[in-house]
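> here is a sequence with its predicted model. Questions after.
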Amino acid sequence: MISQRAKTGFENLLNRCLEDSLRTEAHPDWKMEPVTEPNEIGKQRFIMLTVSSYDFRLMVLLHFSYDEASTQYVADSLKLGAAELPQTQYYDFLAEVGNNFCGSFKRELGQYFPYLGMSTPNQLSWESLKHVKSWPIDHDIHIKAQTEEGTKFYGSLYVSSFGELDFDLIQQSKSDEVVEMGALELF
């Protein structure tokens, strides 16, 4: 069972972690909106990572479409022209965004839960989502991130708890956050 304050904490983390992982010098502003109907996400590919502990398992998904807007976002972020961007570099960049997205969850939750592990990113087709949903899911949250230019990504969080799950997320202001970039985590 997941407490209401833990659910609120997960929702706040989803918003903050997705926005922070998508923000680049070329695209600093993202509008975040909750998705109440998961069918809105559509048939998109996704990057999937997990965070696991003795108390829970999180499945963190970054949904994307290989379209002109997302290609331009990746090209701008890498300071390349969209025509110069190989498809492998596009997918590698989004896998790294997914890594940052999930790694933010791990860092934040590490304050409350010891012994967290994190997977490596896996790119999957939308058909694989039925297998994700076959796990016992206690809570799921979905969010849309969009720029003024129309670039759109979705984030999903699926939580499976192995008992009582409760924590009270302490909100930090941007000035209080410690930015840790380029740190290598060994598993």
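Done, it's in.

> strands along this protein, start to end?
Along the chain, counting by DSSP state E, strands occupy 31-34, 45-52, 56-64, 117-118, 122-124, 139-146, 152-161.

> okay, the ones you listed in a markdown table with distance to residue 108 and mean pLDDT next?
C-betas here are computed from N, CA, C, even on glycine. Compiled in a markdown table, the strands of the chain are given as follows (distance: least, C-beta to C-beta, whole Å; pLDDT from 0 to 100):
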| stretch | distance to residue 108 | mean pLDDT |
| --- | --- | --- |
| strand 31-34 | 16 | 96 |
| strand 45-52 | 10 | 95 |
| strand 56-64 | 11 | 95 |
| strand 117-118 | 12 | 94 |
| strand 122-124 | 22 | 94 |
| strand 139-146 | 15 | 96 |
| strand 152-161 | 12 | 95 |
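
> who touches residue 159 in this structure?
With contacts defined as C-beta atoms under 8 Å, 6 or more residues apart in numbering, the neighbours of residue 159 are 2, 10, 56, 57, 58, 137, 138, 139, 140, 165.

> residue ranges in this protein under the pLDDT threshold?
Where the chain drops to pLDDT under 70, the residues are 171-187.

> biggest helix in it by residues?
Of all segments of type helix in the chain, defined using DSSP state H, the longest is helix 87-109.

> so for this structure, the centremost residue is which one?
Geometric centre of the chain, nearest residue: residue 101, 4.1 Å, by C-alpha atoms, centre = their mean.

> grab the nearest non-local neighbour of that one.
If you skip the residues right next to it in sequence, residue 101 has residue 21 as its closest partner in space, 4.0 Å away by C-beta to C-beta, 6 or more residues apart in numbering.

> one more: residue 87?
Nearest non-adjacent residue to residue 87, counting by C-beta to C-beta, 6+ apart: residue 66, 7.6 Å away.

> that neighbour reaches residue 90, doesn't it?
Yes - counting by C-beta atoms under 8 Å, residue 66 sits close enough to residue 90 to count as a contact (7.1 Å).

> who's more crowded, those two?
Between residue 66 and residue 90, counting by other C-beta atoms under 10 Å, residue 90 is the more crowded of the two (19 against 13).

> and the residue lying closest to the more buried one once chain neighbours are set aside, how many neighbours?
Here the nearest residue to residue 90 in space, its sequence neighbours aside, is residue 74; by C-beta to C-beta, 6+ apart that works out to 5.1 Å. The criterion is other C-beta under 10 Å. On that basis, residue 74 has 24 neighbouring residues.

> list the contacts for residue 74?
Contact criterion C-beta under 8 Å, 6+ apart gives 85, 89, 90, 93, 94 as the residues in contact with residue 74.
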